[in-house]
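Chemist: Output the structure for:
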Amino acid sequence: MTTLSALPTTPSLPALGKSPTAGTITAPVMASVSREEIEWAKKLDKKMEYGYVPDTAEQDRYNKVVGQLTGIKDGGGYVYQDTTSFSNNPRGFSAIGSLVGRTLSGGYVGYRYGGEVATITHTTYQNVKSGFINGQFGQAFKGLAGGLKQVGVISIKAGGISSAINAGTSLFANTFETISGRQTAKEAVGNVASDTVGGFLSGMGASVFSGMASLGVTLAGAGGLPITIAAVAGGAVGSLLLDKAYKASGLFTLLKSKITKTLE
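Modeler: Numbers count the residues shown, from 1 in each chain. Purely as a prediction, here's the structure:
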């Protein structure tokens with residue numbers, strides 16, 4: 001999310017080649033942006049993160065706010081970190097494509113691997129518990145290591161599947177945005193690459209979340225369809241949460257920027 005620090009401002013300098021009139025005191029002109037404008041820009045950032053497409057007036061107003069803040073930053077004052085808006089992350093149809101990709105891939109991963117991860121988790125718990133109760137600590141740690149290894153292998157497989165799904169949805173969405181003239185081809189490539197990496201991470205998270213959801217429903221005594229629903233829902237939620245963390249960390253923006261600059 002956009003982070004805001006304190007709001008020191010820097011007096012403007014006299015125009016080049018001119019100086020204040022001798023014998024007079026000139027009050028410095030302070031560059032400033034109102035708190036209301038900053039809060040409005042933050043809210044628009046958040047809306048665009050979930051796929052909202054700003055109209056021309058909103059985008060112009062936003063650009064003006066960012067421009068003013070950048071001017072203050074260049075003068076040594078307020079620092080504005082734009083991490084969620086259309087200038088760095090997918091916007092419009094691209095953002096929707098990213099969201100749909102994470103949801104679909106997470107649900108599929110949950111459907112395919114949720115039950116398996118739940119079984120491995122439950123078995124691992126029983127083995128570790130039995131080992132500690134019987135004083136066989138080596139056996140307990142061996143059971144734990146074996147369970148973690150199995151879940152790790154499944155998570156990597158899930159990440160690969162999720163990565164492929166997200167690459168496809170992102171490619172479609174970003175192609176549409178590029179053809180519509182709302183972004184450059186270089187930005188599209190950066191978005192697709194970042195979505196592909198994000199899809200892998202989200203897939204890994206989805207496998208774990210779906211397994212926990214399935215296990216919880218199983219231990220509650222339910223079976224059949226409720227377990228499947230829990231696995232799919234858990235996978236989708238896990239995928240979206242990992243994606244949220246991925247973008248909030250700045251990795252999405254970093255990867256996109258690196259790729260875009262490489263293509264210049």
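
Chemist: Let's see the pLDDT reported for residue 10.
Modeler: On the pLDDT scale, residue 10 is placed at 38.

Chemist: got it, and residue 215?
Modeler: So, for residue 215, pLDDT stands at 84.

Chemist: and the helix ranked longest in the chain, what does it pack onto?
Modeler: The helix that spans the most residues within the chain, counting by DSSP state H, is helix 137-179. For helix 137-179, the packing partners by 3 or more Cβ pairs under 8 Å, 6 or more residues apart in numbering; DSSP states H and E come out as helix 93-133, helix 185-219. In short, each C-beta sits where N, CA and C put it, glycine included.

Chemist: gap between it and the chain center?
Modeler: 16 Å (Cα atoms, centre = their mean, to the nearest Å).

Chemist: which residues sit in contact with residue 112?
Modeler: 158, 161 (Cβ atoms under 8 Å, 6 or more residues apart in numbering).

Chemist: follow-up on the earlier one: save the helices and strands packed on helix 137-179 as JSON lines, and put in distance to residue 243 too.
Modeler: Listed next are the helices and strands packed on helix 137-179 as JSON lines, based on distance: least, Cβ to Cβ, whole Å:
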{"stretch": "helix 93-133", "distance to residue 243": "5"}
{"stretch": "helix 185-219", "distance to residue 243": "5"}
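
Chemist: number of nearby residues for the closest residue to residue 171 other than its chain neighbours?
Modeler: Using Cβ to Cβ, 6 or more residues apart in numbering and skipping the chain neighbours, the partner closest in space to residue 171 is residue 192 (5.4 Å). Neighbourhood size, residue 192 [other Cβ atoms under 10 Å]: 25.

Chemist: What separation do you get for residue 192 and residue 106?
Modeler: Distance of residue 192 to residue 106, computed by Cβ to Cβ, to the nearest Å: 19 Å.

Chemist: With residue 138 instead?
Modeler: From residue 138 to residue 106 the distance is 37 Å (Cβ to Cβ).

Chemist: which of these two has more neighbours?
Modeler: Using other Cβ under 10 Å as the criterion, residue 138 and residue 106 rank with residue 106 on top: 34 against 9.

Chemist: Quick check, pLDDT for that one.
Modeler: For residue 106, the model assigns a pLDDT of 91.

Chemist: Contacts only, for it.
Modeler: In this structure, residue 106 makes contact with 162, 202-203, 205-206, 209-210, 235-240, judged by Cβ under 8 Å, 6+ apart.

Chemist: picking that back up, correct me, but the residue nearest to residue 171 touches residue 169?
Modeler: No. Look at residue 192 against residue 169 with Cβ atoms under 8 Å: they stay out of range, at 9.7 Å.

Chemist: Pull up the overlap in contacts between those two.
Modeler: Shared contacts of residue 192 and residue 169, defined by Cβ under 8 Å, 6+ apart, are absent.

Chemist: how far away is the residue nearest to residue 120 when sequence neighbours are not counted from residue 207?
Modeler: Nearest residue to residue 120, sequence neighbours excluded (Cβ to Cβ, 6+ apart): residue 150, at 4.9 Å. Going from residue 150 to residue 207 by Cβ to Cβ gives 11 Å.

Chemist: So residue 62 belongs to a helix, correct?
Modeler: Yes. Using DSSP: H, G, I helix; E, B strand; the rest coil, the assignment for residue 62 is a helix.

Chemist: How many neighbouring residues does it have?
Modeler: By other Cβ under 10 Å, 21 other residues sit near residue 62.
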